[in-house]
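K.L.:
Kindly generate the corresponding structure for this input.
(chains A and B)
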Amino acid sequence: MTRRPTAPPGEELVLDPIACTGHGLCAELLPERIVLDDWGYPMIDPQVPASLREHALRAVKACPALALALRQARAG
Amino acid sequence: MALWYLTRGTGAAALVLLTLSLTLGVVNVQRYASRLVPRFAVDGWHRTTSLLVCVLLAVHVGTTVLDGYAPIRLVDAFVPFGGTYRPVWLGLGALALDLLIALIVTSLLRARLGLRAWRAVHWLAYACWPVALVHGLGTGSDVRPGWLTWLSLGCTAVVIVAVGVRLADRGTAIRVRAGAAATVAAGVIALAIWLPSGPLAGGWAAKAGTPPSILGAKAATTARSHR
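P.N.:
Numbers count the residues shown, from 1 in each chain, chains lettered A, B, ... in the order given. Purely as a prediction, here's the structure:
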């Protein structure tokens, strides 16, 4: 049996920069964490608190290039 | 008879929404955006209209099968060209439905399939639309130059513009674009020849393969109503 941590660990956004084709939907859907650079590619602040989880998931699902993912934050 | 009208109504509505979905798909892939219409909105509308087409087609198929007027089984809605009622033209509807199911299922599983496989299947959207159009023109029992014909031609015009915009995109290889343009042109010419000589010419119901039992019943009812 594994012990569950008392607080749920945070999640983080991961961008696959090779897959990304700069459609920019993610920045429209999650402006709190994603802004576009001058060429239309996203610059990401990966921390996703619980309050933004729903919006982050929406951004992940909207990505036409499947280049954005949400995963468990690594410990440390 | 009410169910038969519902069949026809949902069929026409499905064609309009399928046209809208294809157009939105092109707008989406061309990355159109403005202050009023952001990218995610176009993407969302494309997904929503596609799912809405499925709902309409569920009613379209359901009412067709439940209505006792024409001998159409549930199998005929999914397995093309096996029916007794206008087999070719009904079969095209089944084919379009199968293509649409493939498009929807792969899109819902896109994250698992990966982009390449999804994209390869998604090209079928350009095949699904004309097949659905010809199904509508060939099966719609009274396509004399009426509203259904004009609606179909209107949708055709919209799709030609949308595909034209897509083909103008230099991102795709010139060979592919030239081939696609030739295919579209051939399709338009074929439609221009087939429509006046086929569905719009007299006696289409019999030529299309309507069972004689229904044709006889129809002639009897019209004769009675004209008396």
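
K.L.:
Determine the set of other helices and strands touching the one helix or strand B:L51 maps to.
P.N.:
Assigned by DSSP states H and E, B:L51 belongs to helix B:39-66. Where contact means 3 or more Cβ pairs under 8 Å, 6 or more residues apart in numbering or on different chains; DSSP states H and E, helix B:39-66 is packed against helix A:25-29, helix A:53-62, helix B:2-29, helix B:74-78, helix B:87-108. (Glycine included, C-beta is placed from N, CA and C.)

K.L.:
Find the residue at the geometric middle of the chain.
P.N.:
Assuming you mean chain A. A centroid search over chain A (Cα atoms, centre = their mean) returns A:L13, at 2.8 Å, as the residue closest to the centre.

K.L.:
Sorry, I should have been clearer: chain B.
P.N.:
Centrality entry for chain B: nearest residue to the mean C-alpha point is B:A132, 2.2 Å, by Cα atoms, centre = their mean.

K.L.:
Verify the assumption that that residue is located in a helix.
P.N.:
Yes. Assigned with DSSP: H, G, I helix; E, B strand; the rest coil, B:A132 falls within a helix.

K.L.:
still on that earlier bit, pick the most buried one from the helices and strands packed on helix B:39-66.
P.N.:
Mean neighbours per residue, mean count of other Cβ atoms under 10 Å in any protein chain shown, is largest over the helices and strands packed on helix B:39-66 for helix A:25-29, with a mean of 24.

K.L.:
and chain B, which of its residues are near chain A?
P.N.:
Within chain B, the residues that sit near chain A (Cβ under 8 Å from any Cβ of the partner chain) are B:28-29, B:31, B:33, B:38-40, B:43-44, B:110-111, B:114-115.

K.L.:
Show me which residues of chain A are close to chain B?
P.N.:
Checking chain A against chain B by Cβ under 8 Å from any Cβ, the hits are A:19, A:23-25, A:28-29, A:61-62, A:64-66.

K.L.:
just to revisit the earlier point, so for the helix holding B:L51, what's the average pLDDT?
P.N.:
For helix B:39-66, mean pLDDT is 96.

K.L.:
in the chain, which segments are predicted with low confidence?
P.N.:
Went with chain A since none was named. Low-confidence segments of chain A, defined by pLDDT under 70: A:1-9, A:75-76.

K.L.:
actually chain B
P.N.:
Scanning chain B for pLDDT under 70 picks out B:141-145, B:216-227.

K.L.:
go with 90
P.N.:
For chain B, the stretches flagged by pLDDT under 90 are B:1-5, B:33-35, B:67-77, B:79, B:82-87, B:139-149, B:169-173, B:196-227.

K.L.:
Distance check, B:I193 against B:T149.
P.N.:
Distance of B:I193 to B:T149, given as Cβ to Cβ, to the nearest Å: 15 Å.

K.L.:
quick one: which of these two has more around it?
P.N.:
Shown here are B:I193 and B:T149; by other Cβ atoms under 10 Å in any protein chain shown, B:T149 has more neighbours (18 against 10).
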